[in-house]
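Undergrad: model this:
(one chain, ligands or ions: 1)
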Amino acid sequence: MVEDLKSTIRTETNRSGKLRIKENKWFTKPGLFKQQIDKKKKKKTVSANAAAMEEVRQSSAWVARNSSHVTVDSSGIEKVVEKIKESIPKVEWDYEGIHYFDNGPLTVQYLFVLDTLNFCFWPDKDLNYDHLAKGLKEALLNDNSAFDADRLQKYTGPQLRELLKWPRPLPLEEERVRLLHEVGFELERSFEGMASKLVESCGKSAVKLVSLITRHFPGFRDHSVYKGHQVFFYKRAQIFASDLWGAFKGQGYGEFNDISSITMFADYIVPAVLQQLGVLKYSSTLASIIEASSEIGAGTEEEVELRACSIYAVEKMRELLSIKSGKQVLSVELDLWLWSVGVQCPSLQHHRTLSIYY
Ligand SMILES: Nc1nc2c(c(CN[C@H]3C=C[C@H](O)[C@@H]3O)cn2[C@@H]2O[C@H](COP(=O)(O)O)[C@@H](O)[C@H]2O)c(=O)[nH]1
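TA: This is a model prediction of the structure:
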């Protein structure tokens, strides 16, 4: 298995990204003139957004420092970085050729619907992400109004199944339908029914997009409470920003000046890959739960640690890689590489948690 993973370590792609790091300054001083106050208000908005994403990094780091079941092994990180530093693996977005793309607002609508439903495939052993991406693409090719906001609010479970051409109930089907309704309703109420309007209102900031999504759509508020601390993941909101960036190749709806702010997407595949690479170490109890394919409850210490330690580990990998290679490396790029390695390894055993977030 480890050999399988290592052999897929080197993958090439032609994608590249623009990088600009935003400063996160937040200070107040009394007695400012109106103009200065206005300026400051503007700054505060940017800072509040930046803070929301910084919270994913900071809260994950807190979990990694206080963890009981999962450890981030720095020597494991060094070994992986040593192997890949000369030629950092890059995987092209949609390397599978399964996503809808027409270079316009309908693609944005498609990706938003996709990431609304992008969670928990494993309870049906024959179902995976590809079925969702392809099924939604086919649905849109057959009927380009399938994802109009009014239609999204009306889907029933059996209709969604039919749309995806899936012969039996989907995992967490009721939740999937509820989330579609929520998205349709809020898009109609606040964004003229169009996810493209939501994206346009973010001024090319992925961080702002994630903030706006979590503010408007409760189903995207991916967080947990761990040892009394609130921990943020925002997996589906972040992956939507990354999908836009990947699909539109950093242009148009996919142009973000702060794509480097996005963290990896804490799902159930990447933690398993990191463990196989020796970057994450599990306690013997946790390892045997995963090996036995037993379920891990949502919000348990084990689940939060698996996700948060993955975010922390990928951040550390990225930092070390950037230093060693002299190039800026993005977490989204490392994520896609690690994920693609994982899904090409059918024997990979991952943790199983019933969750609407990933
Ligand atoms: N970290 C991370 N997790 C990702 C993805 C993607 C798909 N990204 C697309 C974007 C461009 C590419 O070309 C990909 O097609 C899905 N997932 C998660 O995996 C799990 C599904 O696994 P399985 O049941 O085996 O299909 C589930 O939690 C799902 O949410 C990713 O990129 N990164």
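
Undergrad: How many residues are close by Ser293?
TA: 11 (other CB atoms under 10 Å). The way it works is simple: take the backbone N, C-alpha and C, and place the C-beta from them, glycine included.

Undergrad: residue contacts, it?
TA: By CB atoms under 8 Å, 6 or more residues apart in numbering, the residues touching Ser293 are 349, 352.

Undergrad: Name the SS class of it, please.
TA: Secondary structure, DSSP: H, G, I helix; E, B strand; the rest coil: Ser293 is coil.

Undergrad: Alongside the ligand, which residues does the stretch 51-200 of the chain contribute?
TA: Neighbours of the ligand within the stretch 51-200 of the chain, by CB under 6 Å from any ligand atom: 93-96, 118-119, 121-122, 128-129.

Undergrad: Show the buried residues in the residues you listed.
TA: 93, 118-119, 121-122, 129 (16 or more other CB atoms under 10 Å).

Undergrad: and the two most separated of these?
TA: Across these, the longest distance by CB to CB is 22.9 Å; it joins Trp93 and Trp122.

Undergrad: Number of residues surrounding the residue nearest to Ala61 when sequence neighbours are not counted?
TA: Distances taken as CB to CB, 6 or more residues apart in numbering place Tyr312 nearest to Ala61, at 5.4 Å, with adjacent residues excluded. A count of neighbours around Tyr312, defined by other CB under 10 Å, yields 25.

Undergrad: Pull out the buried residues from stretch 303-314.
TA: 303-314.

Undergrad: got those as JSON lines, with secondary structure and pLDDT columns?
TA: Output for the buried residues of stretch 303-314, formatted as JSON lines (DSSP: H, G, I helix; E, B strand; the rest coil; pLDDT from 0 to 100):
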{"residue": "Glu303", "secondary structure": "helix", "pLDDT": "98"}
{"residue": "Val304", "secondary structure": "helix", "pLDDT": "98"}
{"residue": "Glu305", "secondary structure": "helix", "pLDDT": "98"}
{"residue": "Leu306", "secondary structure": "helix", "pLDDT": "98"}
{"residue": "Arg307", "secondary structure": "helix", "pLDDT": "98"}
{"residue": "Ala308", "secondary structure": "helix", "pLDDT": "98"}
{"residue": "Cys309", "secondary structure": "helix", "pLDDT": "98"}
{"residue": "Ser310", "secondary structure": "helix", "pLDDT": "98"}
{"residue": "Ile311", "secondary structure": "helix", "pLDDT": "98"}
{"residue": "Tyr312", "secondary structure": "helix", "pLDDT": "98"}
{"residue": "Ala313", "secondary structure": "helix", "pLDDT": "98"}
{"residue": "Val314", "secondary structure": "helix", "pLDDT": "98"}
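
Undergrad: Among those, which one lies nearest to the ligand?
TA: Within the buried residues of stretch 303-314, distances to the ligand taken as CB to the nearest ligand atom reach their minimum at Ser310, with 8.5 Å.

Undergrad: What ranges in the chain fall below the confidence cut-off?
TA: 1-50 (pLDDT under 70).

Undergrad: how about the strands in it?
TA: 70-72, 223-226, 229-232, 280-282 (DSSP state E).

Undergrad: Tell me how many other residues surround the spatially closest residue to Leu336 that is not a sequence neighbour.
TA: Distances taken as CB to CB, 6+ apart place Val91 nearest to Leu336, at 4.7 Å, with adjacent residues excluded. By the measure other CB under 10 Å, the count of residues near Val91 is 21.

Undergrad: Could you do Ala266 as well?
TA: A count of nearby residues for Ala266, using other CB under 10 Å, gives 29.

Undergrad: so who does the nearest residue to it once chain neighbours are set aside touch?
TA: Once flanking residues are discounted, Ala266 sits nearest to Arg307: 3.7 Å by CB to CB, 6+ apart. Contacts for Arg307 (CB under 8 Å, 6+ apart) come out as 60, 233, 266, 271, 358.

Undergrad: Identify those among the residues you listed that sit within helices.
TA: Using DSSP state H, the subset of those located in helices is 60, 271.

Undergrad: Val63: what's it in contact with?
TA: Per CB under 8 Å, 6+ apart, neighbours of Val63: 226, 229, 231, 304-305, 308-309, 312.

Undergrad: I'm done for today, thanks for sticking with me.
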